[in-house]
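With the input below, show me the fold.
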Amino acid sequence: MRGEISRRAANQICYHLAPENTARICLGGAFTKDTGQRNLVRNAQHAVVIEGCFLRCASRMMAGVLDGFEPELIIADSLYELEGDLFGIDELPDEQIQTHANQVALQIAERLMV
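Below is the predicted model of the structure:
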């Protein structure tokens, strides 16, 4: 559920709020093969990683395959209020997941535009 919130937020930023200034990668492709997805990250002027939670799985994975990988790291669940220690996709209704994703996307888009 936390990863779903960050995924939806990234989609909103890259496809609706700031499509001219952003690109979204396939983490699986960038992590497992040294091809176009990884090159997007490697050659980016500014990399932003929207992590679903404090475990930072995506950024730790990419740091393992890209020497010197130092993105701007945003922990999405620090940008919204969540009661309890919820992780499963079925632990929140879809509309609440979308509400949190909207909050995260708007806050990050504001940072990127500054």
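
And the next helix or strand past the lowest-mean-pLDDT helix or strand in the chain?
Of all the helices and strands that make up the chain, the one with the lowest confidence by mean pLDDT, DSSP states H and E is helix 27-32; it has a mean of 91. The C-terminal neighbour of helix 27-32 among helices and strands, as given by DSSP states H and E, is helix 36-42.

Pull the distance from that following helix to the chain's centre.
Shown here is helix 36-42, whose average C-alpha point lies 16 Å from the average C-alpha point of the whole chain (C-alpha atoms, centre = their mean, to the nearest Å).

Put the alpha carbons of that helix into CSV.
Coordinates of each C-alpha in helix 36-42 appear next as CSV, following Å, rounded to 0.1, in the frame of the first residue of the first chain:
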residue,chain,number,x,y,z
GLY,A,36,18.0,2.5,-21.5
GLN,A,37,16.2,2.7,-18.1
ARG,A,38,19.5,2.6,-16.2
ASN,A,39,21.0,5.1,-18.6
LEU,A,40,18.1,7.5,-17.9
VAL,A,41,19.1,7.5,-14.2
ARG,A,42,22.8,7.5,-14.9
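
Give me the contacts around it.
23, 25-26, 29-31, 47, 62, 65-66, 69 (C-beta atoms under 8 Å, 6 or more residues apart in numbering). In short, each C-beta sits where N, CA and C put it, glycine included.

Give the residue spans of the protein that score low on pLDDT.
When residues are selected by pLDDT under 70, those of the chain lie in 86-89, 114.
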